[in-house]
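Asker: the following comprises the amino acid sequence and a computationally predicted model.
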Amino acid sequence: MTTMLERAKALAPRLSAIRRDIHRHPELSFEEVRTARLVADTLRSLGVRVDTGVGKTGVVGHLGTEGPIVALRADMDALPMQELNEVEYASQVPNVMHACGHDAHVACLLGAVMLLRDREFRGQVRLLFQPSEEGMDAEGKSGARRMIDDGAMDGVEAIFGLHVEPLHDPGTVHLSEGPIAASLDDFRLVVRGVAAHAASAYQGIDAILVTAQVVSALHTIVSRRIPPVKLAAVSVGTIHGGTRRNTLADLVEMEGTVRCYDPQVRETLLAEVRRAAELARTLGGDYELTFSGGYPAVVNDTALTALVRSVAVQLLGEDAVHPLPPEPGSEDFSYFLQKAPGCYFLLGVHAPGGTRRVLHSPHFDMDESVLPVGAALLAQAALAYLESQQRAHRT
Ligand code: NI
C-alpha cells in the first residue's frame, strides 16, 4: 500500500507549479483576488464544494457532508517589499513579495485536499484559505477575524495549521503544547499638559515631565506586577513632544507594544498600562490611550498537539520532530484557536541549495521539496483527528 507521504511526493511537480504561480503574482492583505480565484478553481476541479468571498477575499472548501468537522488553514497574503531573488519564478509585481512563505502554505493545503479527496473518511474537513494574516483592515480586523465573523469556524471541533520556517532543517516539524506565539497589543498614548514659559514652569503642566513619570511606571509593570515565571514585555518605541527649548511642552505622543503568552497576564498588563497612563491626570495633565492590534497568544491544545506529533513521527520519523519554544512573534491563527482547540506547527525549509534565508527578507526563498511533506502532514492530521472522534463515539 502506498503511504500518505509517497502519494504526496508524487504531487511534487504540481505543488511546485502552484507555489510558483502564486509566488509570481503576490497580492497584499485583503487584495488576494487572483490567489483566491486560483484556489477556488483548483478546489472545484477537485470536486470540492467552495464558498468564496468569506472574510472579504477568503475561500472555504468543504470535504464530506456529515459528522465532526476538522479545519485546516492556509494564509494567502504577501508582503509590501521588493523581491531581490533572481529566479525564474520571482515576483512580477513591484514591491510585493511572498516573503513569508504563504504561497507555500496555499500549495501545501491544496496538496492536502488532493490527498484527502481519494480517501474514504467519516466526518468533514473544512479548508480555510485565509486572507490578510499580515495586516488589519480599517476596523482593526485581520483575515482570521473576518473569516470567523462570516461563520467559517461554525461547527468546527478542531483546527490545524502550519508555517514554513527557514531556520530549521527541511522537512523537520516543530511543535509544542501551550503558548507558542505571543499576544500583541500596540498602544498609542497622547499626554496633554499646559504650555508656559520654561522659566515660569509653575504656571503650566510640563507634558514631558509627566510623560517621564508615565514611562517609568510602564517599566515597572513587568518587574513588579507580573510573576517572574511568566514571560512578558512592555516597550515604548516612539516618543515625540515639545516645540521649543524655552517652552513647556503641552503635548507628547508615544507608541509602544505589549507582548505575553498568557491571557491572564495580558489582562494585567493592559490594566497596568491604563493605570500608568492615569498618572498624567494625577499630575494635573490629561491623556488619551488607544490600543490596536490585539492578537491573542497562540495556545496549542495538549491532546491535539500530541496527535500532530504522532502523525509527524509516523510520517517522518522521531528524529524529524522537535519541541518549539515560545516565540515573541504573533500570528492571527490565535483567533481560530479561540473558537476551537487545535495545533499550529512549524515546518522546516531551507532555501534552494541549503542556504538559510529568513522570513520577511527580500531574499527569502525555500526548498520546494517540503511542499509534499506539508501536504501529507495536514491531510494525515485531519484523518487522524476524524478517526479519533470515531473511536471516541464507539466507546
Ligand atoms: Ni507568515
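Answerer: Good, I have the coordinates. None of the values given here were measured: they were computed from a predicted structure.
Asker: quick one, phi/psi of the residue most central in space within the chain?
Answerer: Centroid-nearest residue in the chain: residue 331, 2.0 Å away (criterion: C-alpha atoms, centre = their mean). Dihedral pair for residue 331: phi -160, psi 130, per degrees, to the nearest 10.
Asker: next, count neighbours for the spatially closest residue to it that is not a sequence neighbour.
Answerer: The shortest distance from residue 331 to any non-neighbouring residue, by C-beta to C-beta, 6 or more residues apart in numbering, is to residue 181 (4.8 Å). From N, CA and C alone the C-beta is placed, and that goes for glycine too. Residue 181 has 25 neighbours, counted by other C-beta atoms under 10 Å.
Asker: which residues does residue 181 bridge with?
Answerer: Residue 181 has the following beta-bridge partners by DSSP bridges: residue 298, residue 327.
Asker: wait, it touches residue 327, no?
Answerer: Yes: Residue 181 is within contact range of residue 327, at 5.3 Å (criterion: C-beta atoms under 8 Å).
Asker: which parts of this protein are helices?
Answerer: Ranges of helices within the chain are 4-9, 12-24, 33-45, 102-117, 143-149, 207-225, 263-282, 302-316, 333-339, 371-394, based on DSSP state H.
Asker: any residues touching the first one, and which ones?
Answerer: Okay, so that is helix 4-9. 111, 115, 315, 316, 372, 373, 375, 376, 379, 380 (C-beta atoms under 8 Å, 6 or more residues apart in numbering).
Asker: go again with 10 Å.
Answerer: Contacts of helix 4-9 with the rest of the structure, by C-beta atoms under 10 Å, 6 or more residues apart in numbering, involve 1-3, 15, 108, 111-112, 114-116, 118-119, 171, 311, 314-316, 369, 371-380, 383.
Asker: so how far is stretch 317-332 from its chain's centroid?
Answerer: The chain centroid and the centroid of stretch 317-332 are separated by 13 Å, computed with C-alpha atoms, centre = their mean, to the nearest Å.
Asker: pull up the distance across it, start to finish.
Answerer: Taking C-alpha to C-alpha, to the nearest Å, stretch 317-332 runs 30 Å from one end to the other.
Asker: can you tell me the closest non-neighbouring residue to residue 198?
Answerer: That would be residue 246: by C-beta to C-beta, 6+ apart, it lies 4.4 Å from residue 198.
Asker: and the one you found, how many residues sit next to it?
Answerer: For residue 246, using other C-beta under 10 Å, the count is 7.
Asker: quick one: it from residue 195, how far?
Answerer: 11 Å (C-beta to C-beta, to the nearest Å).
Asker: and if you look at residue 184?
Answerer: Taken as C-beta to C-beta, the span from residue 184 to residue 195 is 35 Å.
Asker: residue 83 now?
Answerer: 49 Å.
Asker: before we move on, the earlier item: now for residue 181 and residue 327: what residues contact both?
Answerer: 261, 298.
Asker: strands along the stretch 101-250 of the chain, start to end?
Answerer: 124-130, 156-165, 173-174, 178-181, 183-192, 232-241 (DSSP state E, counting those that start in this stretch).
Asker: returning to what we had before: can you pull the contacts of the residue nearest to residue 331?
Answerer: So residue 181 contacts 163, 259, 261, 295-300, 324, 326-334, 344 (C-beta under 10 Å, 6+ apart).
Asker: now do residue 289
Answerer: 187-191, 214, 270, 273-274, 276-278, 280.
Asker: got JSON lines for these, with neighbour count and pLDDT too?
Answerer: Shown next, in JSON lines, are these (neighbours: other C-beta atoms under 10 Å; pLDDT from 0 to 100):
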{"residue": "187", "neighbour count": "21", "pLDDT": "96"}
{"residue": "188", "neighbour count": "14", "pLDDT": "97"}
{"residue": "189", "neighbour count": "25", "pLDDT": "98"}
{"residue": "190", "neighbour count": "18", "pLDDT": "98"}
{"residue": "191", "neighbour count": "33", "pLDDT": "98"}
{"residue": "214", "neighbour count": "24", "pLDDT": "98"}
{"residue": "270", "neighbour count": "20", "pLDDT": "97"}
{"residue": "273", "neighbour count": "22", "pLDDT": "98"}
{"residue": "274", "neighbour count": "14", "pLDDT": "98"}
{"residue": "276", "neighbour count": "22", "pLDDT": "98"}
{"residue": "277", "neighbour count": "20", "pLDDT": "98"}
{"residue": "278", "neighbour count": "14", "pLDDT": "98"}
{"residue": "280", "neighbour count": "25", "pLDDT": "98"}
